[in-house]
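Q: Model the following, please.
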Amino acid sequence: MLEELYAQTKEHMDKAIDALKRDYKSLRTGKVSTNILDGIKVDYYGTPTDLSQVGSVLAPDATTITISPWEKNLLGPIEKAIQTANIGVNPNNDGVIIKLFFPPMTVEQRQETAKQAKGMTDNAKVAIRNIRQNSNTKIKNFLKDKAITEDESKKAQDEIQKITDSYVSKADDTFKAKEAEILKV
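A: Modelled structure (predicted):
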């Protein structure tokens, strides 16, 4: 019963770390990533469709993204969708492909991005602590229902705290790695 609770707690905390890593992908680092375009929807014959589903999205170098639509008539809608998304660059349409030129990041932009990453990390830690609180509530309910003893309850709460500490540490390590990547020139 308690082992099952520990496993559930770890599973939920793993999901919080995975969500943090997914959030990090939306941040711009020194090298531009096609992930910055995730979530942009293009009007594809009246249906909002992910940009990656209507064309080939590539990052040929550190500051450029190219989008080659599957159909020529999608150049306009793609261009409009990028402008609406307001990602900080204007699309250049040459009639065949759309190019996005990202200027190199300034020191201030890098520091601001690092602050955003810190905020995302703090949110992940809050999620981890909420998972701990839910697990501890379950342990207290087990005790109240006389399913476990007082000593088992104390040991179980200590174990949940150890698990929580390890995941908070994982979140911090993930942030340190991301911060180094962001601030590297």
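Q: Confirm V32 sits in a helix?
A: No: the assignment for V32, made by DSSP: H, G, I helix; E, B strand; the rest coil, is coil rather than a helix.
Q: Excluding chain neighbours, give the residue nearest to it in space.
A: F102 (4.7 Å; C-beta to C-beta, 6 or more residues apart in numbering). In this view, the C-beta of every residue, glycine as well, is placed from N, C-alpha and C.
Q: Check the spacing between that neighbour and T63 real quick.
A: Separation of F102 from T63 (C-beta to C-beta, to the nearest Å): 5 Å.
Q: so what sits against both of those two?
A: Both F102 and T63 are contacted by V32, under the criterion C-beta atoms under 8 Å, 6 or more residues apart in numbering.
Q: S153 falls within a helix, correct?
A: Yes: counting by three-state DSSP, S153 is part of a helix.
Q: Around it, how many other residues sit close by?
A: 18 (other C-beta atoms under 10 Å).
Q: The residue most central in space within the chain: which element?
A: The residue lying closest to the centre of the chain (C-alpha atoms, centre = their mean) is D23, at 1.4 Å. Secondary structure assignment for D23, by DSSP states H and E: helix 2-25.
Q: From the chain's centroid, how far away is the next helix or strand after that helix?
A: Sequence-wise, the next helix or strand downstream of helix 2-25 (DSSP H and E) is strand 41-44. Relative to its chain's centre, strand 41-44 lies at 23 Å (C-alpha atoms, centre = their mean, to the nearest Å).
Q: and the helix or strand just after strand 41-44, which strands flank it?
A: Following strand 41-44 in sequence order, the next helix or strand is strand 47-50 (DSSP H and E). With DSSP bridges as the test, strand 47-50 is paired with strand 41-44 (antiparallel).
Q: List the contacts of N92.
A: Residues in contact with N92 (C-beta under 8 Å, 6+ apart) are 98-101.
Q: Could you rerun that using 10 Å?
A: Contacts for N92 were tallied using C-beta atoms under 10 Å, 6 or more residues apart in numbering; they are 64, 66, 79, 98-101.
Q: now, which of these lie within strands?
A: 64, 66, 98-101 (DSSP state E).
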